[in-house]
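1. turn this into a structure:
(one chain, ligands or ions: 1)
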Amino acid sequence: MSTQRREAGRALIVGAGIAGLSTALRLHRGGWEVLVVEKAPSSRSGGTWISFRGVGYQAAERMGILPRLVEAQLPWEDIHMLDTNGRLRAVWPAATQLALMNEPTLHVPRGEIESILLDALDGEVKIEYGTTVSSITQDDSVAEVVLSNGVRERFDLVIGADGVNSVVRQLVFGPEAEFRTDFGDLLAIYNVERNPVDTGVEHLLSGVGRMLAVSRLGDSFSVLFLWESTDLRGDLATDVFTSVRRRFEDLGWAVPALLREVETASSAYYGPVSQIKMDTWSQGRVVLVGDAAWCTGFYAGYGASLAVGGADLLGDVLERHPGDITAALRAWEAEFRPIALSIQAQARRGRKSFFLPPSEFAITLRMIFLRIAGNAVTTRLLRLFMGVRSPK
Ligand SMILES: Cc1cc2nc3c(=O)[nH]c(=O)nc-3n(C[C@H](O)[C@H](O)[C@H](O)COP(=O)(O)OP(=O)(O)OC[C@H]3O[C@@H](n4cnc5c(N)ncnc54)[C@H](O)[C@@H]3O)c2cc1C
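-> The predicted structure is shown next:
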């Protein structure tokens, strides 16, 4: 990497996901010399679509990437809500989905957000793929890091943007078990080229304790399986497709065809749905951002927006407190923590009311709400029912 130190200092970012790349962009623009290390061998572009909104939307506007995100938008599709026999129980029109968000919202493939951030970095920040951190030590003046390639480097700031299973958190703050709360659910997402039920709408099939969603992502599709696991450890010790098949193979409709489709694909994402709760996101010169710090779990649909919003604000406070990392990190956390915590609460409510209703009765209630939503009053009621946070 370049040895020329930029005026604000040297920063190491661990993880090149949405949090890591947006932090890299923001710090690079703020005069930092930035090195990013990413454990995967190349950019991880998979996933399904994301509702990009709120603090993320505002930050993207300030960072100048909003026009690219708008270009990358997918059309909002009606969602056909099915029961486990594949019977159509409700149509959730695209316009009602948008109204529910209650704020400007983009419907973008997750991978596109990463690509747009990478393009915005324009090769100006070095990203070392296939690399992670092995150790971090720090004193008042510097953090010393040993990378997995054996290189030892000194940084003014180390940023853990390495997701829910953060190694930076583990090295500096303590074991993951102290901070992670599992909902007891598993999420597996596949990207496939063919969709046996490609009818121009999104399909969402719900049963008690399980859900399957098939969505179009431009020229390809995502197939998302979500289920309450009765044996989280056992499921995680099994390969992803075996776990998925075990939980979904009894279903009719297009499920057998979808299972055949994903059987030969590698999953883009697989893991328990969890939240990370920490009393503080920084220690000295080491700070966590994105899922590493405040993972809200899939149910709020806000992870990417929070990652970009948090990164932008971090860049901001570092500019406001030049040379005083402690003051900057304190200000950042004071401002951002209430936002992240309120989204975590929204995720906890959304899990039962929308994603995994606990009974057939609750599923029917949700279908009724979706059928009647459409005017201002019922949309407001639906927002309350699903725990969707209103923007400030
Ligand atoms: C491939 C993928 C697909 C996803 N799909 C969806 C989706 O469809 N819907 C959804 O709601 N959310 C999805 N997510 C999660 C979503 O992207 C995040 O919740 C949100 O964007 C916040 O991102 P993050 O950068 O904090 O964490 P992440 O997106 O988890 O990114 C963390 C990055 O750090 C890297 N990393 C992890 N450990 C290390 C290490 N020890 N050293 C170096 N690098 C490391 C990872 O490879 C990854 O690139 C997905 C995440 C990934 C990685």
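2. residues from this protein in reach of the ligand?
-> By C-beta under 6 Å from any ligand atom, the residues of the chain that approach the ligand are 14-20, 37-40, 44, 46-48, 50, 110, 132, 161-163, 167, 189, 268-269, 290-292, 298, 303-304, 307. Every residue, glycine included, has its C-beta placed from N, CA and C.
3. tally of neighbours for the closest residue to Leu224 other than its chain neighbours?
-> Leaving aside its sequence neighbours, Leu224 sits nearest to Ala213 (C-beta to C-beta, 6 or more residues apart in numbering; 4.4 Å). Residue crowding around Ala213 was assessed by other C-beta atoms under 10 Å; the count is 19.
4. now do the strand or helix carrying Ala213, average pLDDT.
-> Element membership for Ala213, per DSSP states H and E: strand 210-217. Mean per-residue pLDDT for strand 210-217: 95.
5. need the contact partners of that strand.
-> For strand 210-217, the external contacting residues (C-beta atoms under 8 Å, 6 or more residues apart in numbering) are 48-49, 74, 77, 109, 191, 195, 197-198, 200, 202-205, 221-228, 247-248, 251, 254-255, 258, 355-356.
6. among the residues you listed, name the buried ones.
-> Taking 16 or more other C-beta atoms under 10 Å as the criterion, what is buried in these is 48-49, 74, 77, 109, 191, 195, 197, 202-205, 221-228, 247-248, 251, 254-255, 258, 355-356.
7. check contacts around the closest residue to the ligand within the stretch 151-300 of the chain.
-> Per C-beta to the nearest ligand atom, Gly290 is where the stretch 151-300 of the chain lies closest to the ligand, at 2.3 Å. The neighbours of Gly290, taking C-beta under 8 Å, 6+ apart as the test, are Gly15, Gly17, Ile18, Ala19, Gly20, Ala161, Gly163, Gly303, Leu306, Ala307, Gly310, Ala311.
8. assign a three-state SS to the nearest residue to it once chain neighbours are set aside, would you?
-> Of all residues beyond its chain neighbours, the one nearest Gly290 is Ala19 (2.5 Å), with distances taken as C-beta to C-beta, 6+ apart. At Ala19, secondary structure determined by DSSP: H, G, I helix; E, B strand; the rest coil is helix.
9. please verify my assumption that Ala19 contacts Ala307.
-> Yes: using C-beta atoms under 8 Å, Ala19 is in contact with Ala307, at 3.8 Å.
10. list the residues that contact both of the two?
-> Common neighbours of Ala19 and Ala307 (C-beta under 8 Å, 6+ apart) are Ala161, Val289, Gly290, Asp291.
11. cheers, nothing more for now.
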